[in-house]
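Engineer: Could you look at this predicted model? Sequence included:
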Amino acid sequence: MDSCCFIELALQSAGKHEADRENDLWFLKELLNAASDEAIEVLTSTLSIAECSHAKGDISDDVKSLFKRFLTSGRYVFLVQDSVLVAERARNLRWVHSLAFGGADSVHIASAMELKCDEFLTWDNKPHANATALNDLALPIRFPHDTQCLPGEYRQQKLIAGAAANPMPPAESIESDNHEIKTTLPTSSEISGSDSGPTENQARAETSKGTPCQETEGETMNGENVIDLFGVCEAEKCKRAERRIDREADKVTIRQKTYHRGCEPTPEELQAKDRSSG
């Protein structure tokens, strides 16, 4: 994922984003939600930390907090180290493949290629202008809304949200063959047994109070919880929390890759530490 994706999310939080990117931003948020649940892995170069220093000049505490949360909290993205292998691959984009990118773009693209990412998400024009050549090098270049990596269960949230925002009007009647068929739904008082006990919404509200599934992220932005900022309902939070617990129970090995979450030591650093202590 290119650094411009995180910058655009910061601009949205400050109300300064481009209106035509709303759909892309929704997909970015869901990708980060899926990464937080460990359903997928989102990677970005450590260069993103340096590039995400402001949002069109905005260096407010809220913007700083958002950048830190996304990039260095260890929850949403893996940071790809700018190793010699990455640097040489970035150089060879021009030397070997005749693809002329700026230094930052070449490092981002080379990082994605080195870790064999399934796609590279960006709005920058230069990578998209060379999308065919990069696709031949096994790195599809896509806009966020074109991502192929978002699991279906997260895409369904968009359909649910759309249905809630545009509910079907209640049908009073349907006319067919000059006959009027009444389809008015019965009220709760007309249903046997509905006058006793709490309603479904009341029962759901009571059940949700004090449940262990309700998460608090600690840091907030503009008074909103981070996950709430992403538009995730309480029921979905519970499901995602359960999935995280299941994955943690099944996790018994450390993946041997050249990236790590936040400030955790890499496998190579752990091995070097063991040798020195031995």
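Structural biologist: That came through, no problem. These numbers were taken from a predicted model, which means no experiment stands behind them.

Engineer: any idea how far Arg69 is from the residue nearest to Lys116 when sequence neighbours are not counted?
Structural biologist: Closest residue to Lys116 apart from its sequence neighbours, by C-beta to C-beta, 6 or more residues apart in numbering: Ala138 at 7.5 Å. All C-beta spots, glycine's among them, are computed from the backbone N, C-alpha and C. Ala138 is 31 Å from Arg69, where distance means C-beta to C-beta, to the nearest Å.

Engineer: So for these two, which sits in the more crowded spot?
Structural biologist: A side-by-side neighbour count of Ala138 and Arg69, using other C-beta atoms under 10 Å, places Arg69 first with 17 against 11.

Engineer: didn't the more buried one look like it was pressed against Val77?
Structural biologist: No. Counting by C-beta atoms under 8 Å, Arg69 does not reach Val77; the two are 10.3 Å apart.

Engineer: that older thread, just say helix, strand or coil for the residue nearest to Lys116.
Structural biologist: Here Ala138 is recorded as coil under DSSP: H, G, I helix; E, B strand; the rest coil.

Engineer: Surely Cys5 touches Leu121?
Structural biologist: Yes. Under the criterion of C-beta under 8 Å, Cys5 makes contact with Leu121 at 5.9 Å.

Engineer: Compare these two and say which is more crowded by neighbours.
Structural biologist: Leu121 (26 against 23).

Engineer: Check which residues of the helix or strand harbouring Glu22 are buried.
Structural biologist: In the assignment (DSSP states H and E), Glu22 maps to helix 22-36. Residues of helix 22-36 classed as buried: 24-36 (neighbour count, 16 or more other C-beta atoms under 10 Å).

Engineer: which one of those residues sits closest to Gly103?
Structural biologist: Of all those, the one with the least separation from Gly103 (C-beta to C-beta) is Leu28, at 24.4 Å.

Engineer: Can you report how many residues neighbour the nearest residue to the closest one once chain neighbours are set aside?
Structural biologist: Counting by C-beta to C-beta, 6+ apart, Pro144 is the residue found nearest to Leu28 once chain neighbours are left out, at 4.9 Å. If you count neighbours by other C-beta under 10 Å, Pro144 ends up with 24.

Engineer: Over to Pro127?
Structural biologist: Pro127, neighbours per other C-beta under 10 Å, totals 24.

Engineer: how about it, secondary structure?
Structural biologist: Using three-state DSSP, the secondary structure recorded for Pro127 is helix.

Engineer: ok, now how distant is it from Ser65?
Structural biologist: For Pro127 relative to Ser65 (C-beta to C-beta), the value is 29 Å.

Engineer: again with Asp105
Structural biologist: Distance of Asp105 to Ser65, computed by C-beta to C-beta: 27 Å.

Engineer: and if you look at Ser98?
Structural biologist: Using C-beta to C-beta, Ser98 is found at 42 Å from Ser65.

Engineer: who's in contact with Glu153?
Structural biologist: With contacts defined as C-beta atoms under 8 Å, 6 or more residues apart in numbering, the neighbours of Glu153 are Ala39.

Engineer: before we move on, the earlier item: more crowded one of Ser98 and Ser65?
Structural biologist: Ranked by neighbour count (other C-beta under 10 Å), Ser98 and Ser65 place Ser65 first, with 16 against 9.

Engineer: in which helix or strand would I find the more buried one?
Structural biologist: helix 61-72.

Engineer: Tell me the strands beside the next helix-or-strand element following that helix, with direction?
Structural biologist: Note on helix 61-72: by DSSP H and E, the next helix or strand toward the C-terminus is strand 78-80. Here strand 78-80 has these sheet partners by DSSP bridges: strand 43-45 (parallel), strand 259-260 (antiparallel).

Engineer: So what touches the first one?
Structural biologist: When contacts are defined by C-beta under 8 Å, 6+ apart, strand 43-45 is touched by residues 1-3, 6, 71, 77-80, 82, 86, 107-108, 111-112, 115, 117, 259.

Engineer: which of these are buried?
Structural biologist: Among the contacts of strand 43-45, those that count as buried by neighbour count (16+ other C-beta under 10 Å) are 1-3, 6, 71, 77-80, 86, 107-108, 111-112, 115, 117, 259.

Engineer: pLDDT of the helix holding Glu22, averaged?
Structural biologist: Per-residue pLDDT values over helix 22-36 give a mean of 95.
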